[in-house]
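S.K.: Would you be able to build a 3D model of this:
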Amino acid sequence: MGLDVLRSAIYMELVLYWISSVKKRILYSAVRKYLLMIGYLLIFWLFIRTIKYLFLGNMDFLKSLCWYGFYIPMLFIPLFALYLAVCLGQPEHYRLPKYLYSLVFPAVVLCLLVLTNHIHQCVFRFENGVPSSDGNYYYGWGYKMILAWLSMEVLIFFVLLFIKSHVPGRKKRIWLPMIPLGVGILYVGLYLSGISFLRTYAGDLTVMMILVILAICEGCIKSGLIPSNTGYEELFEATTIGAQILNQNKEVCFASGNAKQISENVLEEAKNRPIDLGEEQLLLAPVRGGAVVWCEDVTDIRCVLKQLEANAEQLESSRSLLQAEVDLKKKQSKLDEQMQFCNKITEYTKDQIDQIKYWLEDSKNEQQKWENLKKICVLAAYVKRMSNLILLCEESDFLPAKELEYCLRESVENLKVCKIAVSLSGKCEGVLKKQDLIALYETYEKLMEQILGDVDAVLLHLQSANRQAVLKLNIAGNTRCLSHVRDIAVAGNIQIRKRIQNEECQVQLYAGKEIGKNERNDM
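M.R.: Below is the predicted model of the structure:
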C-alpha cells in the first residue's frame, strides 16, 4: 500500500509540475485558464482514483461513487479543450460566445447519468442487477452516448487546432499530439476488448488516460499549435537588432549576434535619455530583474523627419489658404442667410412699405403731411412686429400665443395716434402654429388698413388655447368699408365671421379652427 501511495504521489507531482510550467509558459490568459482547469481535473481524477483503490476497502457504495466520479474529468476535459481551441488566435480580452456555454448542459446531463447509474443502470449494467464496483458489468446505451459525445468533442478540438494554427509546417506538427492520441485510442480499444495480458500488466486505465491527456497537451505546446513563451533565447541570438539583456549588476545575460560592447558610463547615461551614436541611437529600458539595451538605426528616421518638416510647412501654407476660404464661405453664408431673411420680410411687408413710400411722397400740405405720418406709424408698427415674428419663426414651428398679443398691443397703441378709441383685452395661453399666428396678424393688419380713417372706435378681444386663436373686433363708425371684409382673409389659413348692425360691426377672425355651418350665415 505504501508503494501504491508513493506511485500516486509521483503521478500527482508530475501533474502539478506540468501545471506550474503552464503558468510560466502560456501567456495568453484564456488559453492558460483552460489548460489549468484541465490540469486541476487531472489532479481530481488521480485523487479519487487513489481514494477508491487504497482507502475505501469494502465500502462498495463509496467505491462505486468514486468510480462514477472518474467521468467528471472525462466529460469536462474534452469540453475545456474545445473552448481552448476556440480561444486560439483571438484578442487578449476575448470572451467565448454565449451559445458555446450551452455545451455545458449535455456534459452535466451525461455526468448526472453516470453518477445515478445505481438507480437506472443505463451506463453500466451488472450481472443479476446488483450494482458492484468490483463485479462484472457490461456497457449500456448511456455509455455509448458518452463515448460518442467525447469522440465528437475531441474531433472538433483537433480540427479547430489545425485550422487556427499559424505555425509554419502545421501539417507536420499536428502529428506530435496525434501520436499520444492514437496510443490512447489503441489502449482503450484493447482494454475494452478484455485482453487479460493488458489488464494484468498495464491495467491502470485511469493513470494511462491521464498520461495520454498530458502528452497530448504537451505535444500541442511543443509543436507550437498552442503558443507558448519558449524559444526566445535562440530567437534573441538570431535577431538583426543589436541588443543585450543585463541583470541588476549590469552583467550581460543574453546578447544578439551583432550587439556592441557598451561601457558602464554610457549605460548609466542611457537610463535618462537616448544616446546619439551617429547613424544609430542607443536606448535602454528597465525590465523585471534588469534592463534591455539596444541600438536603432535612425538614418531613415531622420530623413523622414526632414521630409515631414517640409511637408508640414507646405500643409501649414495650404491650411492658411483653406482657412481663409472657409472664413469667406462662412461670411457669404451669413450674408445669404441675412438676405433670405430680408427677402422674406420684404415679401410679407411689401404692400405696407409701398404704401409708406406713397404717403411720404403724397404730402401736398402740412395738414396732409401730419395725417399721412399718423397712418405711417400704424404701418411701421406692423412692419416692425412682422419682421420680429419672421425671425422667431426660424427657430421653431410653434410660437407662444403671447407673441401675437404683443404684436396687437403695439399696433393698438399706434392706432391711438390716428385718434381712434381702441382697447385690447383677452387671455392668451399655449402656443400657435407659426403659419396661423402670422396669417392672423396679417389679416388683422389688412382689416385695420381698410377701415383706417372711417371708424371711430375699435374694441379687440383675443383668446387662444389648444393651438387655436379667435380675435373678436367690435368696430364703430362707417361700416360700409367692411362690405368686402371676406376678401382680406389669407387664403386657407384664416376664416372670418362678420355681422353688421346699424353703425356697428362685429368681426371674428379664426386661426387653427374650422367654423361650423351655424357660424357661416353672415359670411
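
S.K.: Would you pull up how far the host helix or strand of Arg499 lies from the middle of the chain?
M.R.: If you go by DSSP states H and E, Arg499 is part of strand 494-501. Averaged C-alpha coordinates place strand 494-501 at 61 Å from its chain's average position (C-alpha atoms, centre = their mean, to the nearest Å).

S.K.: I'd like the mean pLDDT over that strand, please.
M.R.: Averaged over strand 494-501, pLDDT sits at 75.

S.K.: Stretch 280-287 too?
M.R.: Per-residue pLDDT over stretch 280-287 has a mean of 81.

S.K.: now stretch 64-77
M.R.: Per-residue pLDDT over stretch 64-77 has a mean of 90.

S.K.: Quote the end-to-end distance of that stretch.
M.R.: Terminal residues of stretch 64-77 lie 21 Å apart, using C-alpha to C-alpha, to the nearest Å.

S.K.: Using the three-state scheme, assign Lys472.
M.R.: Here Lys472 is recorded as strand under DSSP: H, G, I helix; E, B strand; the rest coil.

S.K.: pLDDT below threshold where in the stretch 351-500 of the chain?
M.R.: For the stretch 351-500 of the chain, the stretches with pLDDT under 70 are 363-364, 478-493.

S.K.: swap the cut-off to 80 and go again
M.R.: Applying pLDDT under 80 to the stretch 351-500 of the chain flags the ranges 351-352, 354-356, 358-372, 374-375, 394-395, 417-419, 449-456, 477-500.

S.K.: the helices in it, which residues?
M.R.: Remark: helices assigned in the stretch 351-500 of the chain by DSSP state H, counting those that start in this stretch are 366-393, 401-415, 434-451.

S.K.: One more: the stretch 1-150 of the chain?
M.R.: Secondary structure of the stretch 1-150 of the chain (DSSP H, counting those that start in this stretch): helices located at 2-25, 29-54, 60-69, 71-87, 104-115, 117-120, 141-164.

S.K.: ok so, going back, ok and the next helix-or-strand element following the strand holding Arg499 relative to helix 401-415, angle-wise?
M.R.: Next helix or strand after strand 494-501 toward the C-terminus (DSSP H and E): strand 504-511. Note on geometry: by axes from the mean of the first three to the mean of the last three C-alpha atoms, to 10 degrees, strand 504-511 and helix 401-415 are set 150 degrees apart in direction.

S.K.: what about strand 504-511, distance to the chain center?
M.R.: Mean-position distance between strand 504-511 and its chain equals 59 Å (C-alpha atoms, centre = their mean).

S.K.: Please identify which helix or strand holds Ala259.
M.R.: Of the helices and strands defined by DSSP H and E, none includes Ala259.

S.K.: mind listing what it touches?
M.R.: Neighbour list for Ala259: 242-244 [criterion: C-beta atoms under 8 Å, 6 or more residues apart in numbering]. Where you see a C-beta, it was placed from the backbone N, CA and C, and this is true even at glycine.

S.K.: Could you do Gln340 as well?
M.R.: Counting by C-beta under 8 Å, 6+ apart, Gln340 touches no other residue.

S.K.: Kindly report the same for Asn466.
M.R.: Here Asn466 is in contact with Gly430 (C-beta under 8 Å, 6+ apart).

S.K.: what are the phi and psi values for it?
M.R.: With angles defined as degrees, to the nearest 10, Asn466 sits at phi 50, psi 40.

S.K.: just the CA coordinates of stretch 241-251, formatted as PDB?
M.R.: Provided in PDB are the C-alpha atoms of stretch 241-251 (Å, rounded to 0.1, in the frame of the first residue of the first chain):
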ATOM      1  CA  ILE A 241      18.900  44.100 -33.800                       C
ATOM      2  CA  GLY A 242      22.000  44.800 -31.700                       C
ATOM      3  CA  ALA A 243      20.600  44.200 -28.200                       C
ATOM      4  CA  GLN A 244      21.600  43.000 -24.800                       C
ATOM      5  CA  ILE A 245      19.800  41.900 -21.700                       C
ATOM      6  CA  LEU A 246      21.500  42.900 -18.500                       C
ATOM      7  CA  ASN A 247      20.900  41.800 -14.900                       C
ATOM      8  CA  GLN A 248      20.800  44.200 -11.900                       C
ATOM      9  CA  ASN A 249      24.600  44.200 -11.700                       C
ATOM     10  CA  LYS A 250      24.800  45.300 -15.300                       C
ATOM     11  CA  GLU A 251      26.200  42.000 -16.400                       C
END
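
S.K.: what sits up against that stretch?
M.R.: 236, 252-256, 258-260, 262, 264, 267, 280, 287, 289-296.

S.K.: Of the residues you listed, which belong to strands?
M.R.: Among the contacts of stretch 241-251, the members found in strands (DSSP state E) are 252-255, 280, 287, 290-296.

S.K.: I'd like the distance between the residue of the chain positioned farthest from its centre and Tyr17.
M.R.: Within the chain, Asn365 marks the point farthest from the mean C-alpha position, 77.7 Å out by C-alpha atoms, centre = their mean. Per C-beta to C-beta, to the nearest Å, Asn365 is found 122 Å from Tyr17.

S.K.: what do you get for Val417?
M.R.: Relative to Tyr17, Val417 is positioned 107 Å away (C-beta to C-beta).

S.K.: In terms of neighbours, single out the busier of these two.
M.R.: Val417 (14 against 11; other C-beta atoms under 10 Å).

S.K.: need the contact list for the more buried one.
M.R.: Contacts for Val417 (C-beta under 8 Å, 6+ apart) come out as 374, 377-378.

S.K.: Buried subset of the ones in strands among the contacts of stretch 241-251 as a ChimeraX selection?
M.R.: Provided next is the ChimeraX selection string for whichever of those are buried by 16 or more other C-beta atoms under 10 Å:
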select :255,280,290,291,292,293,294,295
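
S.K.: In CSV, list the ones in strands among the contacts of stretch 241-251 along with distance to Trp175.
M.R.: Shown next, in CSV, are the ones in strands among the contacts of stretch 241-251 (distance: C-beta to C-beta, whole Å):
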residue, distance to Trp175
Val252, 39
Cys253, 35
Phe254, 32
Ala255, 36
Glu280, 45
Val287, 37
Gly290, 39
Ala291, 42
Val292, 37
Val293, 41
Trp294, 38
Cys295, 42
Glu296, 41
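
S.K.: Show me which of the ones in strands among the contacts of stretch 241-251 is closest to Pro274.
M.R.: Minimum distance to Pro274 across those is 8.6 Å, recorded for Glu296 (C-beta to C-beta).

S.K.: Contacts only, for that closest one.
M.R.: Shown in contact with Glu296 (C-beta under 8 Å, 6+ apart): 241, 280-281, 283.

S.K.: hey, what's it bridged with?
M.R.: Gln281 (DSSP bridges).

S.K.: Begin at 412, not 1, for the rest of this chat.
M.R.: With the count now opening at 412, the last piece we talked about shows up as Glu707.

S.K.: Tell me the spacing between it and Lys845.
M.R.: To Lys845, Glu707 is 68 Å away according to C-beta to C-beta.

S.K.: Quickly check the contacts of Glu707 for the two that are furthest apart.
M.R.: For the contacts of Glu707, the farthest-apart pair by C-beta to C-beta is Ile652 and Gln692; their separation is 12.2 Å.

S.K.: out of these two, which sits in the more crowded spot?
M.R.: A count of neighbours by other C-beta under 10 Å puts Gln692 above the other of Ile652 and Gln692, at 17 against 13.

S.K.: wait, doesn't that one sit right on Pro685?
M.R.: Yes - if you go by C-beta atoms under 8 Å, Gln692 and Pro685 touch, sitting 5.1 Å apart.

S.K.: remind me which residues of the stretch 562-711 of the chain are low pLDDT?
M.R.: 575-585, 599, 602-616, 640-653, 659-682, 686-693, 699-700, 705-711.

S.K.: what do you get if the cut-off is 90, keeping everything else the same?
M.R.: Residue ranges of the stretch 562-711 of the chain with pLDDT under 90: 569-621, 630-711.

S.K.: how near is the closest residue to Ile886 other than its chain neighbours to Leu871?
M.R.: Spatially, and ignoring its direct neighbours in sequence, Ile886 is nearest to Cys916 (4.6 Å; C-beta to C-beta, 6 or more residues apart in numbering). Using C-beta to C-beta, Cys916 is found at 13 Å from Leu871.
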